[in-house]
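**Q** Build me a model from this:
(2 chains)
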Amino acid sequence: MGRWATAVFAFQALVIAQAANSLIPPSESSLLYERIPPCRISTVQGDTIFVERLSAQQPVVLTFVFARCVGACSPMLASLAAATEWLEESSSPASVIVASFDSSDTPSSLSWMADAYRDRRRWIIGTVVEPERRSLLRTLQFNYMLSTSGPTLFDHPSVVYVIGQGKVVRVILGYVLTQKALKAAIEQARGELIPAYPLPDPRIPFRCVEYDPQSQTVEYGWGIVVLGSPLVIGSLICFIVVLLSSMHSSTHSETSYVRRPPDLSNPHACSGESQS
Amino acid sequence: MASTSISSLPLFARLWSALFVILFPVLGLLGVFMRLFQSEMLPDIEPSWFYAAMTLHGLGLVGLVYATSFALLITRLSQYVAFRPSMLYVSTGLTGIGVILLVVLFLVRFGPGWYFLYPLPFKSAGVWPEWAPHVFLVALTVLGVAWLLWKLETLRAMAKSFKFSTMLGWHVLAGKAEPSVPPAVLVATICCIAGIIALSAAVVMLVFFYYTLLTGNAADALLVKNLTFFFGHVLINLAMYQGIGVLYDVFPTYTRHQWPMTKPMAIAWNLVLLLVLFAYFHHLYMDFAQPVAVQIIGQAASYGTAIPAAVVTILGTLAHVYRRRVEWNWSSLLLFFGTMGWAVGGTAAVIDSTVAANFRFHNTLWVPAHFHTYLLAGIVLIILGGIAHFVSRAREYTLRPARLPISLLLIGAYGFVTMFYIGGLTSVPRRYAIYPIEVAHGSTLAQVALVFVALIMVGVAVYLWDVGRLLFLPSKRSS
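**A** A predicted model of the protein is given here:
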């Protein structure tokens, strides 16, 4: 009985571990400048869009949802809509692709989304054509699994990929999106230089720059003070050495500073070694 | 502890001169290996050897140039102040241990580059063993302690004979002519103060490296990068300044014209002390998280350090030879052209320290171009000239003009760096073992550079035959 209990417990642990592993969100550091595989989107309107070709012409904001989602998809899409509102009035081209990662979805099953966001001219809503869907999700590290809250629901990350010239230039995690972050990412996809700040790691002592993700502001940290410390330490050491040496010196006088001035009339006398 | 007499110092100078004439060609050959690699002439060798060679070539030569120029300056200073030889030899011994450890690291292909930017030493990518960063940090610590002891001893020795204000030439600034202080003392004082501050930065930097090593936690990469350049940039500049101290003391021997400490010289070197500590910010222009103010300080300080160098040293050297009967020989020619090489390399450095130019030249071959100019065609020539002077005086040997081998050295050095400059202007990146197709012309430039390296090798070989071998002959006293 004990053995069976252990085996069941071990199996459960394995399943939980695998489940946890399969939900690891995409890592921006490993995806940065990763080329996306060729893939097509079948849109709700019945068109076919080649994502790679489109991203070669303009920045593409890509996110994955599924039609029956009762969780994060709706608030995330609402947040995405708010964060990309400026795009509608912008003269620079850019597209937002909302694609289903669920193989059972069809373009028509996503029509409610198209209705909800019909005022978004730059949005492309549809499904990824098989078998390109698998390779796209694998490349973009988009992991999902069946949810325990319903038989046809999925647990999945809320993530936005910003793609430029066919390569991933930014991965933004979370269903709360800001206009500032998306605007910066789109400009980066256009090839403009956008500063990036790592999120604060509490284990890193004496950072030069502290970034507050809430206010998205940069402040200078204690690292700047540490940077000035060698100036103080070194000067103090010099001061002590000079002070101690001067105290033990009996040779200081206004006339006897140079013990052996080089005799310039005799080149040999200039070098100490020749006088030995 | 007894202070040294002058007679005990030649051994110290001889030791460092001998180390230089042996190690300079050996470490230089690592550079040749790198250019051969970039020329695609060594297709069967792993690229990891290129990076290991780059690390040892850079660290080794910078360390060698720094230590030898300081040893030569100490030798010159021994005319005026008394050193404790034990301190000098302890530092020399520790330097030797540090160098041996670096060679061991080369053999296991330790290759984070000579900037060893944090956290690269900890990122082996499976190339070097896990213990390599430990050994590397021990090597850095040993070298840091050695060079700190040297600086402290030199400052102590000078402060025992001179007032601090006199060492810095403040009495000259106040309009007093007496007491007369040799410019080498002023230069050595600046080098000691800046050196001790820079080595303090190295200590703080090492604390963060050890923190990561011992706890596994990350340190702030931007802070450690700042500290690395704080000490690294200052140290390489001091190597140059130490050579200039030797120049001030030795060159008048051949021009028979005094090079006294004047008010412009005192102003210039005091300014250098102030500016050299802040010029390193020009290495961090691409770190846009840095405060904008320090980037501006970086450019201003870089421009500022060039003015005293140009006004006092370079114009001073030219004034020394203009319409004067100069005794031209191995020593004086090398000292003169070394100083001019410093001017040329310095100009390229100032260009690179301009934000607008750095935006284009950053991490291109322009960077090795400028530092090879003021190192290979600058301080190395000054050191070789200093050694030639030392050897000729110790052995009462008359140096020959050696115009041909020096011409070969100069043509070789400038041809060699010109290939780097062209590479920089045409966007060839630095630190690439193999050039991608977009910058494939980098390989052609490396091939041409090798032709000029051959000229340098001939020039160095003649120098070694003419001058270098004298270091290894038995001393006259014993014979």
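**Q** From now on I want contacts and neighbour counts done on CA atoms only, so please keep to that.
**A** Noted.
**Q** Centre of the chain to the helix or strand hosting residue B:408, how far?
**A** Assigned by DSSP states H and E, residue B:408 belongs to helix B:403-425. Its chain's average C-alpha position is 18 Å from that of helix B:403-425, according to Cα atoms, centre = their mean, to the nearest Å.
**Q** In contact with the nearest residue to residue B:415 once chain neighbours are set aside: list those residues for me.
**A** In space, and not counting its chain neighbours, residue B:415 is closest to residue B:452: 5.6 Å by Cα to Cα, 6 or more residues apart in numbering or on different chains. Applying Cα atoms under 8 Å, 6 or more residues apart in numbering or on different chains, we find residue B:452 in contact with B:411, B:412, B:413, B:415, B:416.
**Q** what stretches of chain B score poorly on pLDDT?
**A** B:1-9, B:475-479 (pLDDT under 70).
**Q** and of the contacts of residue B:452, the nearest to chain A?
**A** Closest approach between the contacts of residue B:452 and chain A, by Cα to the nearest Cα: residue B:413, at 29.2 Å.
**Q** wait, the closest one sits on residue B:453?
**A** Yes. Counting by Cα atoms under 8 Å, residue B:413 does reach residue B:453; the two are 7.3 Å apart.
**Q** what are the ranges of the strands in chain A?
**A** Here chain A has its strands, by DSSP state E, at A:40-43, A:48-50, A:60-65, A:95-100, A:123-128, A:145-146, A:154-155, A:159-164, A:167-173, A:209-212, A:217-220.
**Q** Tell me which of these lies nearest to chain B.
**A** Across the strands of chain A, chain B has its closest neighbour in strand A:209-212 (6.9 Å, Cα to the nearest Cα).
**Q** what sits against residue A:121?
**A** residue A:88.
**Q** Backbone dihedrals for it, both of them.
**A** Here is the backbone geometry of residue A:121 (degrees, to the nearest 10): phi -70, psi -30.
**Q** Give me the contact status of stretch B:84-99 with chain A.
**A** No. Under the criterion of Cα under 8 Å from any Cα of the partner chain, stretch B:84-99 makes no contact with chain A; the nearest approach is 13.0 Å.
**Q** list the buried ones in that stretch?
**A** Using 16 or more other Cα atoms under 10 Å in any protein chain shown as the test for burial, stretch B:84-99 gives B:84, B:85, B:87, B:88, B:91, B:92, B:94, B:95, B:96, B:97, B:98, B:99.
**Q** Contacts only, for the third one.
**A** When the contact criterion is Cα under 8 Å, 6+ apart, the partners of residue B:87 are B:149, B:150, B:153.
**Q** Make sure residue B:59 is indeed in a helix.
**A** Yes. Applying DSSP: H, G, I helix; E, B strand; the rest coil, one finds residue B:59 inside a helix.
**Q** related to what we said a few turns ago, in PDB, could you pull the C-alpha coordinates for the helix holding residue B:408?
**A** Extracted C-alpha coordinates of helix B:403-425, given in PDB (Å, rounded to 0.1, in the frame of the first residue of the first chain):
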ATOM      1  CA  ARG B 403      68.500  55.300 -38.700                       C
ATOM      2  CA  LEU B 404      67.600  52.300 -40.900                       C
ATOM      3  CA  PRO B 405      66.300  50.000 -38.200                       C
ATOM      4  CA  ILE B 406      64.400  52.800 -36.600                       C
ATOM      5  CA  SER B 407      62.900  53.700 -40.000                       C
ATOM      6  CA  LEU B 408      61.800  50.100 -40.300                       C
ATOM      7  CA  LEU B 409      60.300  50.200 -36.900                       C
ATOM      8  CA  LEU B 410      58.400  53.400 -37.700                       C
ATOM      9  CA  ILE B 411      57.200  52.300 -41.200                       C
ATOM     10  CA  GLY B 412      56.200  49.000 -39.800                       C
ATOM     11  CA  ALA B 413      54.300  50.500 -36.800                       C
ATOM     12  CA  TYR B 414      52.500  53.100 -38.800                       C
ATOM     13  CA  GLY B 415      51.700  50.800 -41.600                       C
ATOM     14  CA  PHE B 416      50.400  48.200 -39.100                       C
ATOM     15  CA  VAL B 417      48.100  50.700 -37.400                       C
ATOM     16  CA  THR B 418      47.000  52.200 -40.700                       C
ATOM     17  CA  MET B 419      45.400  48.900 -41.500                       C
ATOM     18  CA  PHE B 420      43.500  49.200 -38.200                       C
ATOM     19  CA  TYR B 421      42.500  52.800 -39.000                       C
ATOM     20  CA  ILE B 422      41.200  51.800 -42.400                       C
ATOM     21  CA  GLY B 423      39.300  48.900 -40.800                       C
ATOM     22  CA  GLY B 424      37.700  51.400 -38.300                       C
ATOM     23  CA  LEU B 425      36.700  53.800 -41.100                       C
END
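**Q** Which residues does it contact?
**A** Contacting residues not belonging to helix B:403-425 are listed as B:329-330, B:333-334, B:361, B:364-370, B:372-373, B:376-377, B:429, B:442, B:445-446, B:448-460, B:462-463 [Cα under 8 Å, 6+ apart].
**Q** repeat that with 6 Å
**A** B:364, B:365, B:366, B:369, B:377, B:445, B:449, B:452, B:453, B:455, B:456, B:459 (Cα atoms under 6 Å, 6 or more residues apart in numbering or on different chains).
**Q** Now tabulate those in CSV and tack on secondary structure and distance to residue B:192.
**A** Output for the contacts of helix B:403-425, formatted as CSV (DSSP: H, G, I helix; E, B strand; the rest coil; distance: Cα to Cα, whole Å):
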residue, secondary structure, distance to residue B:192
B:364, strand, 33
B:365, coil, 32
B:366, helix, 30
B:369, helix, 28
B:377, helix, 25
B:445, helix, 40
B:449, helix, 37
B:452, helix, 36
B:453, helix, 34
B:455, helix, 36
B:456, helix, 32
B:459, helix, 33
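**Q** For chain B, which residue gets nearest to chain A?
**A** Here chain B gets closest to chain A at one residue, residue B:197, 4.0 Å apart by Cα to the nearest Cα.
**Q** Skipping its backbone neighbours, what lies nearest that residue in space?
**A** residue A:234 (4.0 Å).
**Q** was I right about that neighbour contacting residue B:196?
**A** Yes. Here residue A:234 reaches residue B:196: they are 5.4 Å apart, a contact under Cα atoms under 6 Å.
**Q** the more surrounded of those two?
**A** More neighbours surround residue B:196 than the other of residue A:234 and residue B:196, with 29 against 20 (other Cα atoms under 10 Å in any protein chain shown).
**Q** sorry, back to before: would you check that the residue of chain B closest to chain A makes contact with residue A:236?
**A** No. Residue B:197 is beyond contact range of residue A:236, at 9.2 Å (criterion: Cα under 6 Å).
**Q** Many thanks, we can stop here.
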